[in-house]
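Student: make a model of this:
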Amino acid sequence: MQLRRATMADFDRIIAILKDGANQLAERGVDQWQGDYPSKEQIKEDIENGWAFLAVSEDQETVGAIAIVDGPDHVYDHLDGKWLSNTNKYVVIHRVAIHSQHSGKGYATKLLQAVINDIKNNRDDIDSIRIDTHEDNKAMQHLIAKMGFSQVGYLHGAYRPNETSYVYELLK
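Tutor: Residues are numbered from 1 along each chain as shown. Down below sits the predicted model:
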C-alpha cells in the first residue's frame with residue numbers, strides 16, 4: 001500500500017470515497033458521518049494543509065482516503081480519559097475510508113500499517129499516533145485494536161451532540 005499526498009485535483013475523488021464510506025456505515029446501522037461531517041470545507045482544509053492522502057494499492061488502484069493531521073488537534077481538548085504520552089508531538093488519523101468497490105481485501109489494515117510505518121520511519125518529531133471512532137463503529141474499533149492502539153478515553157459531542165467517540169493512542 002502506498003500513500004499519495006492529495007492535491008486539489010483529487011478533491012472530488014476524496015469526497016466520493018468519503019460519501020461511499022458514509023453509505024457503508026449507514027448500511028451497517030452506524031450513525032457516524034451521517035450529518036455534515038466530514039464537510040467539503042474540511043476536505044479542502046485537509047488538502048491545503050497537506051493532511052489528505054489517497055491509498056493506492058499494489059496494482060495502482062486508488063482504494064481509499066485518509067487524513068493524517070499534525071497535533072495539537074483541538075477536538076481532543078475535552079478528552080474524558082488519560083493519554084499514554086503527555087505530548088503535543090503527535091499526529092491524528094482522521095477520515096479513514098476504503099471504497100466499497102475494494103472492501104474485503106484487507107486494504108484498511110494495509111492502509112493503517114502503511115501510515116504507522118511511515119510515521120515510525122520518517123517522523124522523528126512525533127511521539128505518538130492518535131485516532132478516534134464512533135462508539136457503534138465496531139469494525140473500526142476492531143481494526144484500531146488489531147493495529148496495536150490502546151483505548152485511552154472518550155469524546156462526548158465532539159463531532160455531533162449526543163455522540164460518543166472512543167479515543168486511542170499508539171506510542172511511537
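Student: and the residue lying farthest from the centre of the chain, helix, strand or coil?
Tutor: The centre of the chain is farthest from one residue, residue 59, which by CA atoms, centre = their mean lies 22.9 Å away. Classification of residue 59 using DSSP: H, G, I helix; E, B strand; the rest coil returns coil.
Student: now do the helices in the protein.
Tutor: With DSSP state H as the criterion, the chain has helices at 11-27, 40-48, 107-122, 138-146.
Student: turn these into TSV, including distance to residue 75.
Tutor: Where you see a C-beta, it was placed from the backbone N, CA and C, and this is true even at glycine. As requested, the helices of the chain are exported to TSV (distance: least, CB to CB, whole Å):
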stretch	distance to residue 75
helix 11-27	17
helix 40-48	11
helix 107-122	18
helix 138-146	16
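Student: quick one: which of these is nearest residue 73?
Tutor: Minimum separation from residue 73 across these (CB to CB) falls at helix 40-48, 12.3 Å.
Student: show me the contacts for residue 114.
Tutor: Residue 114 makes contact with 1-3, 55 under the criterion CB atoms under 8 Å, 6 or more residues apart in numbering.
Student: for residue 112, same thing?
Tutor: Listed by CB under 8 Å, 6+ apart, the contact set of residue 112 reads 93, 96, 143-144, 147.
Student: how close does it sit to residue 79?
Tutor: Distance, residue 112 to residue 79, using CB to CB, to the nearest Å: 21 Å.
Student: dig out what residue 134 forms beta bridges with.
Tutor: On the basis of DSSP bridges, residue 134 is bridged to residue 165.
Student: for it, the count of nearby residues, please.
Tutor: For residue 134, the count of nearby residues is 20 (other CB atoms under 10 Å).
Student: does it touch residue 160 like I think?
Tutor: No - counting by CB atoms under 8 Å, residue 134 does not reach residue 160; the two are 9.6 Å apart.
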